[in-house]
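Visitor: the sequence and its predicted three-dimensional model are supplied below.
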Amino acid sequence: MTDRRVARRRQVLGLLATAFFMTILDGTILFAALPSIKEDLGLAEAESQWTVTAYALAFSGLLLFCGRAADLLGRRRVFLVGVVLRVASSLLCGLAWSGEVLIAARTLQGVSAAVIAPAALSMVMTSFPEGPERNRALGIWGGLGGVGATTGLLLGGVITDELGWPWVFLLNVPVGIGVLILAPLLLRESRDPGRVRAFDTAGAVTVTAALVLLVYAIVTAPEAGWVSGRTAGLLLSAAALAALFVLVESRSAVPLVPLRILRSPSLVGGNLVILSAGMAVDGVLITLTSYVQHVLGWTAIQFGLLAAVMTVASVAGALVSQRLATGIGLRHVATAGTVLLGAACMLLIWAVYDGGSLGVMLIALLIFGAGMGAAFVCSQIAALTGVAEREAGLAAGFVDTSFAIGTALGLAVCSSVALTHAQAADGPALPALTEGYQAAFGVAVVFAVLGLAAALTLLGRAAGSARPGQRGTPTLTRE
């Protein structure tokens, strides 16, 4: 019986990981296809950018709401709704006949990702008992981020060249159908049957609006300017809505986010490390991509092959780190992970100074990948440990939201710094651009230091072992 349970859990993890992997893949696979999309649909630069922005806004803004919906309505049910929406929106993206249709379909794709991600992660939590077994599952889950991002960079160019840009979206259709067929066979419904199925509408509206405005301010700041009136207005509006959300939640009988959950140093610390690591990862990826293409003249596929080194290291780092975290503690491993991220960014500064040394870049990406795997896995374990089963979806929504905001911040800040330094530097354009990229890698070092501070001050030694009486067994209901 035990072997059958272990085998079933592995099948569940494989199914959920496949669905999650596709949401990560969609974040980067579009980049290589954008030039072809612009040409075929006759899109202006702003319109093509909205195919990326619309996805990011829908995804980031709805994660908390969808995570809570999974807790209340049933995680399997919500997950299946997300997969159906993913198949339909991907099909519409592939068949899009105009820019407006593609942007609308990409928005729906973002909504589907916001539904799938927290529901899937919460089902991992309810399927694996807290401790070493769940840590191993989260080690695999954490490795998917780097694999999905790099695979998207590699596949996007190949699929566009060989099959045409619609297939970067249509790829989701057969995978989604396969998930829909297997999910009812493998996944059990889980929710809190004792909780009233009532939504905190005011809380949902305010937090979603706050997150959408925050992410929109971040992604448009490089173009509008960080000190422009528009950016400042958006950030102030987001802050006001966030304050209103806290007020609403403190008075709500059925809050979307019970504020007591934020009293956990482990949850807060884990999410801050995820936020900082996300900033560093996407900041480095966008900066390195621009550097090798604009300065060294590499193709997207060449960069994808280089980034594959980082992917392999991130998977290894994630799998090794979950074992170490159980033995020596989350704080030590997360600290090591953030230190590796910072050290790798410093090596990339040296690589640019050395004229794009391939050897130094390879070493830097190996170190960076190992640090990324360690930081992500340990921060996820910390953020999800000790959370009551009835709030698994909410905790998963927090984790995914922190990562989504972190990646948006890292991309926007590093892009802005690189451009600002390049414009301010005297001399020929290419050396000025190189200085800008060095400055952007320097900012990524700061991101890693912020993660290090969060790990040292907020993460304890525990690595996912439940304390007696802290939590019960998963509440599962068959329907």
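Guide: All right, it came through fine.

Visitor: use CA for all of it now, contacts and neighbours both
Guide: Will do.

Visitor: specify the residue ranges that define each domain of this protein.
Guide: 1-128+164-199, 201-255, 262-461 (automatic domain parsing).

Visitor: deepest of these, which one?
Guide: Mean neighbour count (mean count of other Cα atoms under 10 Å) peaks for domain 262-461 among the domains of the chain, with a mean of 23.

Visitor: centre of the chain versus that domain, how much separation?
Guide: The chain centre lies 12 Å from the centre of domain 262-461; the measure is Cα atoms, centre = their mean, to the nearest Å.

Visitor: and that domain, average pLDDT?
Guide: Mean per-residue pLDDT for domain 262-461: 86.

Visitor: all helices of the stretch 301-450 of the chain, in order?
Guide: 330-353, 358-384, 392-424, 429-458 (DSSP state H, counting those that start in this stretch).

Visitor: can those go into TSV with extra columns for distance to residue 53?
Guide: What follows is the helices of the stretch 301-450 of the chain, written out as TSV (distance: least, Cα to Cα, whole Å):
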stretch	distance to residue 53
helix 330-353	27
helix 358-384	24
helix 392-424	10
helix 429-458	22
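
Visitor: if we can go back for a sec, can you redo the domains of the chain as TSV with distance to residue 151?
Guide: Formatted as TSV, these follow (distance: least, Cα to Cα, whole Å):
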stretch	distance to residue 151
domain 1-128+164-199	7
domain 201-255	23
domain 262-461	8
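
Visitor: that older thread, residue 233 is nearest to which of the helices of the stretch 301-450 of the chain?
Guide: Closest approach to residue 233 among the helices of the stretch 301-450 of the chain is made by helix 392-424 (17.2 Å; Cα to Cα).

Visitor: show me where pLDDT drops low in the stretch 1-150 of the chain?
Guide: 1-2, 145-146, 149-150 (pLDDT under 70).

Visitor: now do the helices in it.
Guide: Under DSSP H, counting those that start in this stretch, the stretch 1-150 of the chain gives helices at 2-28, 34-41, 45-73, 75-94, 99-127, 132-162.

Visitor: just how off-centre is the longest one within its chain?
Guide: Read that as helix 132-162. 11 Å.

Visitor: helices or strands up against that helix?
Guide: Helix 132-162 is packed against helix 2-28, helix 99-127, helix 167-170, helix 300-328, helix 358-384, with contacts defined by 3 or more Cα pairs under 8 Å, 6 or more residues apart in numbering; DSSP states H and E.

Visitor: wait, which of those helices is closest to residue 440?
Guide: So among these, helix 358-384 is nearest, using Cα to Cα, at 15.3 Å.

Visitor: closest to residue 204 out of the helices of the stretch 1-150 of the chain?
Guide: helix 45-73 (6.0 Å).

Visitor: what angle sits between that closest one and helix 2-28?
Guide: Counting by axes from the mean of the first three to the mean of the last three Cα atoms, to 10 degrees, helix 45-73 lies at 150 degrees to helix 2-28.

Visitor: compute the inter-axis angle for helix 45-73 and helix 99-127.
Guide: Using the same axes, to 10 degrees: helix 45-73 against helix 99-127 is 30 degrees.

Visitor: can you spell out which helices and strands pack onto helix 45-73?
Guide: So helix 45-73, by 3+ Cα pairs under 8 Å, 6+ apart, packs with helix 34-41, helix 75-94, helix 99-127, helix 201-224, helix 392-424.

Visitor: picking up where we left off before, the helices and strands packed on helix 132-162: which one's closest to residue 51?
Guide: helix 99-127 (5.0 Å).

Visitor: helices or strands up against the closest one?
Guide: helix 2-28, helix 45-73, helix 75-94, helix 132-162, helix 392-424.

Visitor: angle of that helix against helix 132-162?
Guide: Using the same axes, to 10 degrees: helix 99-127 against helix 132-162 is 160 degrees.

Visitor: tell me how far helix 99-127 is from the chain's mean position?
Guide: 12 Å.

Visitor: going forward, begin numbering at 33 instead of 1
Guide: Taking 33 as the first residue, the last one we looked at is helix 131-159.

Visitor: what sits against residue 322?
Guide: Contact analysis of residue 322 by Cα atoms under 8 Å, 6 or more residues apart in numbering lists nothing.

Visitor: please apply the same query to residue 448.
Guide: Counting by Cα under 8 Å, 6+ apart, residue 448 has contacts residue 254.

Visitor: separation between it and residue 475?
Guide: Noted for residue 448: a distance of 11 Å to residue 475, by Cα to Cα, to the nearest Å.

Visitor: what touches both of these two?
Guide: Overlap of the contact sets of residue 448 and residue 475 (by Cα under 8 Å, 6+ apart) is empty.

Visitor: isn't residue 307 right next to residue 435, touching?
Guide: Yes - counting by Cα atoms under 8 Å, residue 307 does reach residue 435; the two are 5.2 Å apart.

Visitor: mutual contacts of these two, please.
Guide: Common neighbours of residue 307 and residue 435 (Cα under 8 Å, 6+ apart) do not exist.

Visitor: and of the helices and strands packed on helix 131-159, who's closest to residue 403?
Guide: Across the helices and strands packed on helix 131-159, closest to residue 403 is helix 164-194 (Cα to Cα), at 11.4 Å.

Visitor: now do that closest one against helix 332-360, angle only.
Guide: 180 degrees.

Visitor: out of the helices of the stretch 333-482 of the chain, nearest to residue 192?
Guide: helix 424-456 (24.1 Å).

Visitor: between the closest one and helix 233-256, what angle do the directions make?
Guide: Using the same axes, to 10 degrees: helix 424-456 against helix 233-256 is 20 degrees.

Visitor: compute the inter-axis angle for helix 424-456 and helix 390-416.
Guide: Using the same axes, to 10 degrees, the inter-axis angle of helix 424-456 relative to helix 390-416 is 150 degrees.
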